[in-house]
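Visitor: model the structure of this input:
(one chain, ligands or ions: 2)
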Amino acid sequence: MPPVPSLPSIDEARATLLAAARPLPSVDVRVPEALGLMLAEDVVAAGDVPAFANSAMDGFAVREGPSNRRLRIVGESRAGTPFTGEVHDGEAVRISTGAALPAGADAVLQIELIEVDGDEIVLGDAVAARRNVRDAGSDLRAGTRVLAAGTRLGPAELGVAIGAGRINVHVTPRPRVAILTTGDELMEPGTPLQPGQIHDSNGPTLAALASRAGAEVVGRGHAVDDPEATRAVIAQALDEADVVILAGGVSVGPHDHVKGALIELGVRELLWRVALRPGKPTWLGERDGKLVLGLPGNPVSAYVTFLLFARPALAALAGADPSVPRTSAPLAVALPRHPDRDEMVRVHRDADGRVAPTGPQDSHVLSSLLGADALALVPRGDGELPAGTEVVLEPV
Ligand code: AMP
Ligand code: MG
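Guide: Ligands and ions are numbered 1, 2, ... in the order given. I've put the predicted structure just below:
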């Protein structure tokens, strides 16, 4: 008998999908709406920030000079309303934090160090030039690059972009994702079940995973186990989304219609089946730059394969680094190995940093994901991995 060709590994499958995952074309987005997105251009400061020298303190703007001076108060510079005159020797201008330093003044003495006597002040301290003065350009210098393309925009980056004079930024958009479920047995959450029916948990769970991964869920659909219905729902999803994620119907059963429908719709198969448990029947495809992931229907299989394949692909489309930081930890208990599939085991971490299964590992036991700190990779092979073996962890 010829040897059975071995299925691609998790890493091979991931690499195959990522090779087809290009960053989406960049778009202009209002700065306040750009949180979490990847910058697709450099941001250069349009002007100095601050644009004018201003006071770091509430106090009096004065000219530099020795201590024990008496100065006449000639006006006020408020935040937003500068003093329009000039400060001469023997004069002072009341000033607020952030207010423009008046012409002629070169320092600010804080209010706590000053004695006010009618329309005069008495300075206890000598005042050196630039004391309590924030110079123009001391935050951002006009013409300099303040944010580089490829930066993820967090709250501080948004503030800096505004400071640089921007109202819009050029970013890679969130991938638009459609989540499709298949199966005659599926019922809307909360509805009473007839014998043989189950509640659709994959739809809401996969949508939540996609949102958490930074995608925009633009569509949710369902197909009963019928070739026509399956084709119709996928065709619509391919129209409106960059990534179509299906759950169920990708196996070889007589009522699994997803693969056939995808091929008929011109979706090119990149890969079918991975040496993975749970998640072997995973189907990955592509059409005109759009990605299609046919995930197995068992809830844990769908969840695990989303993390392993959809999560990095969505990051790549969003212009981010798709590599997931993997850590490792020693096993607290021995674990059996599957002879020809790498296994992703739901584990929790104990106080000593060692990991152990959260509970039963069957692919329908979604409750074993509760309290899981990671998925531990148990490589295929004979026998078992002894306690203490260091295993690779995939974040959940
Ligand atoms: P399938 O991949 O379609 O053969 O489905 C495998 C298992 O997953 C079956 O027990 C299905 O009932 C179950 N399943 C499929 N889709 C869902 C879903 N959306 N929510 C919960 N379970 C599902
Ligand atoms: Mg099914």
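Visitor: going forward, measure contacts and count neighbours with C-alpha atoms only.
Guide: Fine.
Visitor: the protein against ligand 1: which residues are in contact?
Guide: 181-183, 200-203, 247-250, 296-299 (Cα under 6 Å from any ligand atom).
Visitor: out of these, who's nearest G85?
Guide: Among those, G203 lies closest to G85 (Cα to Cα), at 67.4 Å.
Visitor: near ligand 2 too, which of the residues of the chain next to ligand 1?
Guide: Checked against ligand 2 using Cα under 5 Å from the ion, the residues of the chain next to ligand 1 give the following subset in range: 183, 248-249.
Visitor: next step: those restricted to strands.
Guide: Of these, none are assigned to strands by DSSP state E.
Visitor: in CSV: those, plus pLDDT and neighbour count.
Guide: Listed next are those as CSV, based on pLDDT from 0 to 100; neighbours: other Cα atoms under 10 Å:
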residue, pLDDT, neighbour count
G183, 98, 22
G248, 97, 24
G249, 96, 25
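Visitor: how long is stretch 317-333 end to end?
Guide: Counting by Cα to Cα, to the nearest Å, you get 39 Å between the two ends of stretch 317-333.
Visitor: contact partners of it?
Guide: For stretch 317-333, contacts defined as Cα atoms under 8 Å, 6 or more residues apart in numbering pick out 21-24, 37-38, 150, 152, 172-175, 311-316, 353-356, 386-395.
Visitor: how about the strands in the stretch 51-200 of the chain?
Guide: Along the stretch 51-200 of the chain, counting by DSSP state E, counting those that start in this stretch, strands occupy 54-55, 59-62, 69-77, 91-95, 107-110, 114-117, 120-123, 133-134, 145-147, 168-172, 176-182, 186-187, 198-199.
Visitor: near ligand 2 at all, the lengthiest helix in the chain?
Guide: The longest helix of the chain (DSSP state H) is helix 227-240. No: residues of helix 227-240 are not located near ligand 2 by Cα under 5 Å from the ion, the shortest gap being 11.3 Å.
Visitor: break the chain into its domains for me.
Guide: 10-24+174-317, 27-48+139-172, 54-134, 327-395 (automatic domain parsing).
Visitor: residues near D382, how many?
Guide: When counting by other Cα atoms under 10 Å, one arrives at 11 neighbours for D382.
Visitor: how about N54?
Guide: N54 is flanked by 27 other residues according to other Cα under 10 Å.
Visitor: isn't it right up against G137?
Guide: No: applying Cα atoms under 8 Å, one finds N54 not in contact with G137, separated by 10.9 Å.
Visitor: could you give the mean pLDDT of stretch 101-117?
Guide: The predicted model gives stretch 101-117 an average pLDDT of 95.
Visitor: mind saving the C-alpha coords of that stretch as CSV?
Guide: Only the C-alpha atoms of stretch 101-117 are listed here, as CSV (Å, rounded to 0.1, in the frame of the first residue of the first chain):
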residue,chain,number,x,y,z
LEU,A,101,4.3,84.5,26.8
PRO,A,102,4.0,88.2,26.0
ALA,A,103,6.5,90.0,23.8
GLY,A,104,9.4,91.4,25.9
ALA,A,105,9.0,88.8,28.7
ASP,A,106,11.4,85.9,28.8
ALA,A,107,10.4,84.1,32.0
VAL,A,108,7.5,83.4,34.4
LEU,A,109,7.6,83.4,38.1
GLN,A,110,5.0,81.3,39.7
ILE,A,111,2.3,82.9,41.8
GLU,A,112,3.4,81.2,45.0
LEU,A,113,6.8,83.0,44.9
ILE,A,114,5.3,86.5,44.5
GLU,A,115,3.8,89.0,46.8
VAL,A,116,1.1,91.1,45.2
ASP,A,117,0.9,94.7,46.6
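Visitor: just the buried positions in it, please.
Guide: 101-111 (16 or more other Cα atoms under 10 Å).
Visitor: between those residues, which sits nearest L271?
Guide: Taking Cα to Cα as the measure, L101 is the one of those closest to L271, at 66.6 Å.
Visitor: tell me how many other residues crowd D352.
Guide: The burial count for D352: 9, using other Cα under 10 Å.
Visitor: any idea of the pLDDT on it?
Guide: 97.
Visitor: so who does it touch?
Guide: D352 neighbours (Cα under 8 Å, 6+ apart): none.
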